[in-house]
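**Q** any chance you can model this:
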Amino acid sequence: MKQNKDNTYPIDTDKAWDNLYSRLKNDRLLPCESHRKRKIPLQWIATAAAIFAGVIFSIFYFSQNRDDSIVFLQNKDDTGTLVATLEDSSVVYLAGNASISCPAVFAKNQRKVELKGNALFCVAKDAKRPFIIETDKNVTIEVVGTIFAVQSSPENPFELSVKQGKVKVYSKGDKNPVPLVAGETVQLKTNGMTKFQTADFQVFNSFTNKMCFKDEKLNNIVNAINIVYGSPKIITEESINNRTLTVTFENDSVETMSELICMALNLKQINKQDTIFIRQSLK
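**A** Here you go, the predicted model:
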């Protein structure tokens with residue numbers, strides 16, 4: 001991307017617009033085909049973008065148990081990833097037909113969740129409260145703060161790959177854990193756990209091709225994007241962090257995701273080097 005003299009880089013707004021327009025057209029959300037694309041008011045675009053996102057997300061499911069102390073998250077579709085931020089700021093990317101349940105507020109000595117299916121975890125570091133995952137494969141995972149992908153669906157053997165940090169994996173009845181570091185994978189076989197070097201790093205990317213957020217705070221959405229993409233980094237103005245949005249990103253660049261967020265929430269972005277700043281629009 002070409003950098004300007006003032007240390008800013010331009011966003012291809014025409015391309016981003018065309019992508020958004022094509023999405024809206026395919027879902028018949030345009031008010032009138034006879035209008036030229038650029039004639040549609042920006043305010044309507046923002047509303048339509050939010051509506052479009054809501055329509056896409058209607059196939060996903062978010063609920064809170066009748067017991068307010070327990071949160072249950074489930075992705076009822078198999079074409080995208082449900083992304084949610086937990087109470088401790090850890091981020092979970094749930095694959096199709098996967099679910100987790102956990103306390104609405106974690107205990108003081110540990111953070112425990114139950115997982116069914118495949119997921120990518122980006123666990124917030126807290127040395128005093130280990131993050132523990134119980135799976136339906138009779139495997140327990142323990143970490144402090146790390147990024148790793150778990151395969152725990154019924155049709156495949158249990159497998160865990162570490163992208164960052166350290167992980168301990170316990171199989172049922174075994175008191176000695178299998179320790180893992182970044183670049184390593186462990187698989188549960190009939191004769192026990194087998195550890196080897198990660199061969200396919202697509203296991204991590206598969207969770208971010210289509211990311212879906214449901215009534216999520218803006219700062220959580222931005223954090224989830226920054227974790228997996230790294231650059232350019234998005235930084236938001238503190239006053240807008242608690243705004244909520246339901247949105248789906250599918251194979252979009254960071255620049256396009258940022259533009260769609262700004263359109264939907266009527267915000268403004270400033271691009272400098274490898275950082276995108278999002279702030280309130282000046283009236």
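**Q** show the low-confidence segments of this structure, by residue range.
**A** 1-68, 283 (pLDDT under 70).
**Q** can you pull up the bridge partners for the residue nearest the centre of it?
**A** Geometric centre of the chain, nearest residue: residue 83, 3.8 Å, by Cα atoms, centre = their mean. Assessed by DSSP bridges, residue 83 has beta-bridge partners residue 93.
**Q** pretty sure it is touching residue 224, no?
**A** Yes. Using Cβ atoms under 8 Å, residue 83 is in contact with residue 224, at 5.1 Å. To be clear about C-beta, it is placed using only N, CA and C from the backbone, and glycine gets the same treatment.
**Q** overlap of the contact sets of these two?
**A** Common neighbours of residue 83 and residue 224 (criterion: Cβ atoms under 8 Å, 6 or more residues apart in numbering): 91, 93, 211, 213.
**Q** tell me how far residue 272 lies from residue 219.
**A** 20 Å (Cβ to Cβ, to the nearest Å).
**Q** residue 143 too?
**A** 23 Å.
**Q** for the two, indicate the residue with more neighbours.
**A** The residue with more neighbours, out of residue 143 and residue 219, is residue 143; 23 against 17, by other Cβ atoms under 10 Å.
**Q** is the more buried one bridged to anything, and to what?
**A** Beta bridges link residue 143 to residue 131, judged by DSSP bridges.
**Q** endpoint to endpoint, stretch 227-238 covers what distance?
**A** With Cα to Cα, to the nearest Å as the measure, stretch 227-238 spans 19 Å from end to end.
**Q** can you list the domain ranges for this structure.
**A** The record's domain parsing of the chain by automatic domain parsing lists 13-59+227-275, 81-205.
**Q** can you give me the helices for this structure?
**A** Applying DSSP state H to the chain gives helices spanning 13-26, 42-57, 202-205, 218-229, 254-265.
**Q** quick check: buried residues in stretch 240-252?
**A** 240, 243, 245-249, 252 (16 or more other Cβ atoms under 10 Å).
**Q** got it, and stretch 101-111?
**A** Buried positions in stretch 101-111, judged by neighbour count with 16+ other Cβ under 10 Å: 101-103, 106, 111.
**Q** ok, so of these, who is nearest residue 170?
**A** residue 111 (16.3 Å; Cβ to Cβ).
**Q** residues in contact with that closest one?
**A** Per Cβ under 8 Å, 6+ apart, neighbours of residue 111: 86, 88, 90, 102, 126, 129-132.
**Q** check residue 119 too.
**A** 92-95, 98, 100, 149-150, 152, 207.
**Q** list just the nearest of those to residue 186.
**A** Nearest to residue 186 among the contacts of residue 119, with distances taken as Cβ to Cβ, is residue 150, at 10.4 Å.
**Q** and that closest one, how many neighbours does it have?
**A** Residue 150, neighbours per other Cβ under 10 Å, totals 26.
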